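Trainee: please work out how this folds:
(one chain, ligands or ions: 1)
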Amino acid sequence: MLHPTTATPVDPTPSPLISADGLLPGARVLLKDETHHASGSHKEPAARAVVARALAEGHDRIVVGSCGSYGRAMATACAAAGMRCTVVLPAEWGDGGALAAAAGADIRFVAGDYEDAVEESHRLAAMEGAADGNVDGPYQDAIAEGHGAVVDALYEQLGGAPVSLWIPLGNGTTVAAAHRRLLALDWPVALHGVGSRGNNPVVVSWPGPYRELSAADVVTTDHNEPLVNRHALHGPDAMTAIAASGGTVHAVDDDELLAAQALLGRYGLRPTPAGSAALAGLLTHTRTAPAAGAHVVLLSGRD
Ligand SMILES: Cc1ncc(COP(=O)(O)O)c(C=O)c1O
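Mentor: I've put the predicted structure just below:
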């Protein structure tokens, strides 16, 4: 059955949806390749939505805290709109800001981790009168709208509802936004969030009540960075969304991320290990629970 075109895609250039034949016996796996965005990140439509809103309000500069990909996405979106962008990064993480700087952003560093970078960027935005583009800042609504675009695109690209949609999970922002859009479309799809084993409060708390971790609880590696949080800024919302949709939270380790990344290489796809998390989660899950029907896997990240 084809859906009526009631959805209004926010994203003018939806990413490809690739059928991964033979990946999962008895089931259909569809790879939603969000690495196709200019910044390589599924965060880019959300960043573009913030830029549009901030521009309309008369801002000429956006400040965000990031562990890398949201900063690069925001830098890319700002450059396209002729806005200035400042990205605050944890000093010891990632590529040292090279990718966001290459996209035109001004880079600042803080000691500490992702949450410290977000806190400093809130302070900087307020002090310098810039738009605060953080995922927990005043543009949350625009961010949710931007992230919802991938659901709109799937709604248009698929003939009917898939059984499940698998999403990499850090703050839980993408999962929470996807659920909001699924509800608006009245589209019954189970949402599965996939995070780094032991390194994210949603993963550690599930299925119990959300509880924050301490800095000493989490271990950041070259591969799991975007999935690591001591406090997931939309963690409780994401848990509610996943439970309400009939999905589950899944934990994967770095070896599983790397194995999923290697498998995706066979289909000509090159997401980062963290950006391969959704597939890692689906494959881990189906070791014990046989799959049938169509499962959509969201891919992200480019080095
Ligand atoms: C590859 C990748 N996976 C997961 C995430 C986490 O997404 P969210 O914070 O929306 O849960 C990010 C965020 O930047 C990411 O870049």
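
Trainee: show me what from the stretch 1-150 of the chain comes close to the ligand.
Mentor: Ser41, Lys43, Ser69, Tyr70 (Cβ under 6 Å from any ligand atom). (Each C-beta comes from the backbone N, C-alpha and C, glycine too.)

Trainee: residues in contact with stretch 154-167: which ones?
Mentor: Contact partners of stretch 154-167, identified using Cβ atoms under 8 Å, 6 or more residues apart in numbering, comprise 1-3, 5, 7, 9, 14, 17, 30, 32, 151, 174-175, 178, 182, 185, 187-194, 247, 278-279, 281-282, 291-298.

Trainee: quick one: end-to-end distance for it.
Mentor: 13 Å (Cα to Cα, to the nearest Å).

Trainee: stretch 166-179 now?
Mentor: 12 Å.

Trainee: related to what we said a few turns ago, among the contacts of stretch 154-167, which are located in strands?
Mentor: 17, 30, 32, 190-194, 293-298 (DSSP state E).

Trainee: okay, now the unreliable bits of this protein?
Mentor: 1-12 (pLDDT under 70).

Trainee: out of the residues of the stretch 1-150 of the chain next to the ligand, which comes closest to Asp254?
Mentor: Closest approach to Asp254 among those (Cβ to Cβ): Ser69, at 17.4 Å.

Trainee: so the closest one touches Ser39, yeah?
Mentor: Yes - in terms of Cβ atoms under 8 Å, Ser69 counts as a neighbour of Ser39; the distance is 7.3 Å.

Trainee: wait, Val202 touches Ala176, no?
Mentor: No - if you go by Cβ under 8 Å, Val202 and Ala176 don't touch, sitting 10.6 Å apart.

Trainee: now the common contact residues for those two.
Mentor: Common neighbours of Val202 and Ala176 (Cβ under 8 Å, 6+ apart) are Ala238.

Trainee: what about the longest helix in the protein?
Mentor: helix 140-157 (DSSP state H).

Trainee: check whether the next helix or strand after it contacts the ligand.
Mentor: Using DSSP states H and E, the helix or strand that directly follows helix 140-157 along the chain is strand 164-168. Yes - for strand 164-168, a contact with the ligand is found by Cβ under 6 Å from any ligand atom, at Pro168.

Trainee: what's the angle from strand 164-168 to strand 293-299?
Mentor: With axes from the mean of the first three to the mean of the last three Cα atoms, to 10 degrees defining the directions, strand 164-168 sits at 20 degrees from strand 293-299.

Trainee: quick one, what contacts the residue of the chain found nearest the ligand?
Mentor: With Cβ to the nearest ligand atom, the shortest gap between the chain and the ligand falls at Gly170, namely 2.8 Å. Shown in contact with Gly170 (Cβ under 8 Å, 6+ apart): Cys67, Gly195, Asn200, Pro226, Leu227, Val228, Asn229, Ala232.

Trainee: tell me which of the residues you listed fall in strands.
Mentor: Per DSSP E, the subset of the contacts of Gly170 in strands is Gly195.

Trainee: pull the most distant pair out of the contacts of Gly170.
Mentor: Between any two of the contacts of Gly170 (Cβ to Cβ), the greatest distance is 13.6 Å, for Cys67 and Gly195.

Trainee: so for these two, which sits in the more crowded spot?
Mentor: Applying other Cβ atoms under 10 Å to Cys67 and Gly195 shows that Gly195 carries more neighbours, namely 33 against 24.

Trainee: that one contacts Val203, doesn't it?
Mentor: Yes - the pair Gly195 and Val203 qualifies as a contact (Cβ under 8 Å) at a distance of 4.0 Å.

Trainee: which neighbours do those two share?
Mentor: Leu169, Val249, His250, Ala251.

Trainee: in strands, which of these fall?
Mentor: Val249, His250, Ala251.

Trainee: domain parsing for this structure?
Mentor: Following automatic domain parsing, the chain resolves into domains at 17-42+141-299, 44-132.

Trainee: straight-line length of the longest one, end to end?
Mentor: Spelled out, that is domain 17-42+141-299. With Cα to Cα, one end of domain 17-42+141-299 sits 10 Å from the other.

Trainee: same question, stretch 60-70
Mentor: 18 Å.

Trainee: for the helix or strand that contains Ala125, buried residues please.
Mentor: Following DSSP H and E, the helix or strand that holds Ala125 is helix 114-128. Buried residues in helix 114-128, counted by 16 or more other Cβ atoms under 10 Å: Tyr114, Glu115, Asp116, Ala117, Val118, Glu120, Ser121, His122, Leu124, Ala125.
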